[in-house]
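Enquirer: What follows is a predicted protein model with its sequence.
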Amino acid sequence: MHTPIKETLDSLPPHPALADNTEQAHFIERAERQLEDWSTQIEHLTTASVRLTGDEYTTAAAELKELRAKVGAARHKLNTHKSSSGAKWHDAKLALDGLWTEVKALFVKRGVKMSAQDEVTERHFL
């Protein structure tokens, strides 16, 4: 008696390339959500910075400009490499991880609290 093909195929582990694609898709999905959240946070910080004056405003404006640039660079890197695979994707992911660290540090510097998942959890603006 032969085992039906479907049962045999279902019992096989996923091909490594498929597992990598699934991991990449999840990473891209999480990254896109994080970029959207960060963009929203930047808008909130920008709105809150209007209340500042003098040196405080100048400092906040410079930091917000830097935040926008870093988030923009991360978005560009992600969009450019969404369809990459193998070593190209791995290199792009490492670069994105570095940009993530820089962006998180800038948010923390502005007083925004981050959760363990690196998402903004509380809005303590300026």
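Expert: Done, it's in.
Enquirer: so where is this structure shaky, pLDDT-wise?
Expert: Within the chain, the ranges that satisfy pLDDT under 70 run 1-20, 114-126.
Enquirer: Which stretches in it count as helices?
Expert: Ranges of helices in the chain, per DSSP state H, are 5-11, 16-49, 54-81, 86-109.
Enquirer: Turn those helices into TSV, columns for mean neighbour count.
Expert: In short, each C-beta sits where N, CA and C put it, glycine included. Below are the helices of the chain laid out as TSV (neighbours: other Cβ atoms under 10 Å):
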stretch	mean neighbour count
helix 5-11	8
helix 16-49	14
helix 54-81	15
helix 86-109	15
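Enquirer: what sits against the most centrally placed residue in the chain?
Expert: The chain has residue 31 as the residue nearest its centroid, 3.5 Å off, counting by Cα atoms, centre = their mean. Taking Cβ atoms under 8 Å, 6 or more residues apart in numbering as the criterion, residue 31 is in contact with 74, 78, 96.
Enquirer: one more time with 6 Å, if that's ok
Expert: Contacts for residue 31 (Cβ atoms under 6 Å, 6 or more residues apart in numbering) come out as residue 78.
Enquirer: any idea how far residue 84 lies from residue 69?
Expert: Separation of residue 84 from residue 69 (Cβ to Cβ, to the nearest Å): 23 Å.
Enquirer: try residue 105
Expert: For residue 105 relative to residue 69 (Cβ to Cβ), the value is 14 Å.
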